[in-house]
Structure formats: structure tokens, C-alpha cells
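**Q** One predicted model, sequence on top.
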Amino acid sequence: MDRNGIAVFLDRDGTINEEVEYLINPEQLALIPQSAAAIKKFNLLNIPVFVVSNQSAIARGILTENKLEEIHKLLSTMLLKEDAHITKYYYCPHLIDGVVNNYAIDCNCRKPKLGMLQKAKDEFGINLNSSFIVGDKLADVQTGFNAGMKSILVETGYGIKHKTEAEKYANYVTKNLYEASLIIEKLLS
């Protein structure tokens, strides 16, 4: 892998696309301004970009994995129109008190646990200690903290709401994903 196994892990809702409570239909999908430009910047730097997203709507019975795949395909199409792409999508469908039995479990992949990051590490040879995670929630920056990564909290989505709690885990706080991409670019230069 280029760049000695460095990768960027992005939360999806509130980081790449506009936050809606339980994104369950592709029609709800709207990119946050400049998020595609940020991802394109990572692509041009030859840094793989992974989405790591808790999707408890599956365990809650309001979203299916097939519908989630449709959402990810549309997101990829929207990004491609701006010359940006995601290397791979990882998601956690679990919630311990969910209503769908197969998904109502205590898993190792729900952020801030490291299961999704571990999958990417194993599949792509990622060096987590040299990598970055960007998200709008406390769980996102806690995940990075737990993995020994550099964490960036964005103020989009739930970022402002989580800022006070999240600042102790985040290495940086930025207005949006594009500002986070500028920090990452500078750190890698």
C-alpha cells in the first residue's frame, strides 16, 4: 500500500453527507459542501479512504442491508461525479438492544470498538498508528483514540453537540471534512 499503510477513515453521516436522523432511503442523501473535494484530495495523495459507519437502523428494523448497499452505491456515484472515490465501506449493523435478532448482539465492530478498523487493517495492510479518523461524534474520535490514530472532529452533523465531550479524544477540531483534509495533507507533507 502506498504511503506506508496510511489511510483515512471517515464516518459517513454528518461527515461526508448531511446528517438526517436514520438515513434509510437513497433519496435522503445529500453531500456536505466540499466533502467530495476532501475525498478527492486524499485520492490524489494516494491515501485509501474507508467509510466506517455505525448503522444501528438495521438492528432497529428500519433499514435493510440491501437498502444500505443502495445508499452506498448512490454515495459512490455522487462522489465519482466530482472525481472522488471511497476505497471500501465498512459498517456495523448491530445494536445490543435491537429488535432484529441476528443484529441484536454485543459486537466488536460498533464504534468506539475497533472491529471495522481491524478489518481494513487486515484486508489492506493499514498501519493504524499512522492513520487518521474523521467524524462528527464522540464515538468517532474515541475510536481513533482507542486505536492510537490521529482523530479529527468535524463541526458538521452532530459535531457541535459532541464537541465538549469529544475534544479530549480529538487531536484536531475543524469546521468540516475539507478543513480536516487540509490538516492531514499538511501533516503528511
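**A** That came through fine. Numbers count the residues shown, from 1 in each chain.
**Q** Does residue 10 touch residue 134 like I think?
**A** Yes. Taking Cβ atoms under 8 Å as the definition, residue 10 is a contact partner of residue 134 at 5.3 Å. For the C-beta atoms, the positions are set from N, CA and C on the backbone; glycine is no exception.
**Q** Run through the neighbouring helices and strands of the longest helix belonging to the chain.
**A** Across the chain, the longest stretch assigned as helix under DSSP state H is helix 65-80. Secondary-structure packing of helix 65-80 (3 or more Cβ pairs under 8 Å, 6 or more residues apart in numbering; DSSP states H and E): helix 35-44.
**Q** coming back round to it: look at residue 10 and residue 134 and report which has more neighbours.
**A** Just comparing residue 10 and residue 134: by other Cβ atoms under 10 Å the higher neighbour count belongs to residue 134, 31 against 27.
**Q** pLDDT at that one, what is it?
**A** Looking at residue 134, its pLDDT is 98.
**Q** about what we covered before: name the residues contacting each of residue 10 and residue 134.
**A** residue 177 (Cβ atoms under 8 Å, 6 or more residues apart in numbering).
**Q** who's in contact with the next helix or strand after the longest helix of the chain?
**A** Next helix or strand after helix 65-80 toward the C-terminus (DSSP states H and E): strand 88-92. Residues outside strand 88-92 that contact it (Cβ under 8 Å, 6+ apart) are 12, 48, 50-56, 68, 72, 107, 109-111, 115-116, 119-120, 123-124.
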